[in-house]
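**Q** Quick one, fold the following:
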Amino acid sequence: MQPGAQSSAGPEVPRVRTAPPAAAPVVRVPAQPGAGGAERGEHTRTHAHTHADPAPAEPTRPPAPPPLSRTRPLVQRSSVRGQVLAALRAALVAGELRPGEVYSGPALGDRFGVSATPVREAMQQLALEGAVEVVPNRGFRVVERAPRELAELAEVRALIEVPVMLRLARTVPAERWAELRPQAEATVRAASSGCRATYAEADRAFHRAVLALSGNEQLVRIADDVHRRAQWPLVGGPAARGRADLVADAHEHTALLDALIAGDTDMVRTLVAEHFTGTR
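**A** Just a heads-up that it's a prediction; the model follows:
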């Protein structure tokens, strides 16, 4: 059949084979406005009533997602899990969850006034962080850590934070450092309370604020994770730090901030080196 001829014009002349073999199906697509000549020629090889053929079945579509209001229980559950996780972290730092002891999800759920499910989910997160380990059919055991691990974490913190602080001391103007005065003073107030968990949170907040001036979010996140792990209790280490130790540690923050505002890089180097030699 010559291009452009209608199928009712008579038998096809076998001199030119332009159509596919009879066994191959011919895709019937209605001509689109503005289509090229080659496409029009292909359409003319189909039946004159191609547009009357039934359209191919559409692929099965996945069901529409549920309305947003139906997902709210999951959001609320996540919020409970986050609150339980924060409470468990505070209990770890305060020594209320003792290293080597096994705690069950239902028992901790009763303590916090929630079901065992968000407790188990929070404990799984702590297991990923290395704070606890799963004990099958019993619960979670608080990891026992030796002083050497604390020394290693202090070294890692120093390798991350000290070079950054020294660089920032040379580049950040004094007025930006002065804006961190409330965070430094907050650590002193938290230390004066004598609560290790309260001071631990204020301590990390100050260090995050300092490192945030670098503009490197990944650095801030990694440093904060190492800092948190360094605050967990030890087994066989020194006695728990009292209020006087916490207050002395907090005053190192204000002294460091004074040196940063003054642009005294030598003093900054000395202070940050001393700050990472113990449990900070």
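**Q** And the closest residue to Val102 other than its chain neighbours, which helix or strand is it part of?
**A** Once flanking residues are discounted, Val102 sits nearest to Arg141: 4.7 Å by CB to CB, 6 or more residues apart in numbering. To be clear about C-beta, it is placed using only N, CA and C from the backbone, and glycine gets the same treatment. Assignment of secondary structure by DSSP states H and E places Arg141 within strand 139-142.
**Q** Tell me which other helices or strands that strand touches.
**A** The elements that strand 139-142 packs onto, with contact taken as 3 or more CB pairs under 8 Å, 6 or more residues apart in numbering; DSSP states H and E, are strand 102-103, helix 105-112, helix 116-129, strand 132-135.
**Q** Tell me which of the ones you listed sits nearest to Arg167.
**A** Checking these against Arg167 by CB to CB gives helix 116-129 as the closest, at 28.5 Å.
**Q** sorry, back to before: and the residue nearest to Val102, how many neighbours does it have?
**A** 17 (other CB atoms under 10 Å).
**Q** for it, what are its contacts?
**A** Gly100, Glu101, Val102, Tyr103, Val132, Glu133, Val135 (CB atoms under 8 Å, 6 or more residues apart in numbering).
**Q** what's the answer for Ser214, then?
**A** Here Ser214 is in contact with Val164, Arg167, Leu168, Val220 (criterion: CB under 8 Å, 6+ apart).
**Q** By neighbours, which of the contacts of Arg141 wins?
**A** Val132 (26 neighbours).
**Q** State the distance from that residue to Ala191.
**A** Computed with CB to CB, to the nearest Å, the distance linking Val132 and Ala191 is 27 Å.
**Q** I'd like to know which elements the longest helix along the chain is packed against.
**A** When the chain is parsed with DSSP state H, its longest helix is helix 147-171. In this structure, helix 147-171 packs against helix 196-212, helix 217-230, helix 243-262, helix 265-275, with contacts taken as 3+ CB pairs under 8 Å, 6+ apart.
**Q** from these, which stretch is densest packed?
**A** helix 196-212 (a mean of 21; mean count of other CB atoms under 10 Å).
**Q** Give the rounded mean pLDDT of that one.
**A** Mean pLDDT, computed over helix 196-212, is 95.
**Q** Provide the angle between the direction of it and the direction of helix 217-230.
**A** 160 degrees (axes from the mean of the first three to the mean of the last three CA atoms, to 10 degrees).
**Q** Helix 196-212 packs against which elements?
**A** Using 3+ CB pairs under 8 Å, 6+ apart, helix 196-212 sits against helix 72-94, helix 147-171, helix 181-192, helix 217-230, helix 243-262.
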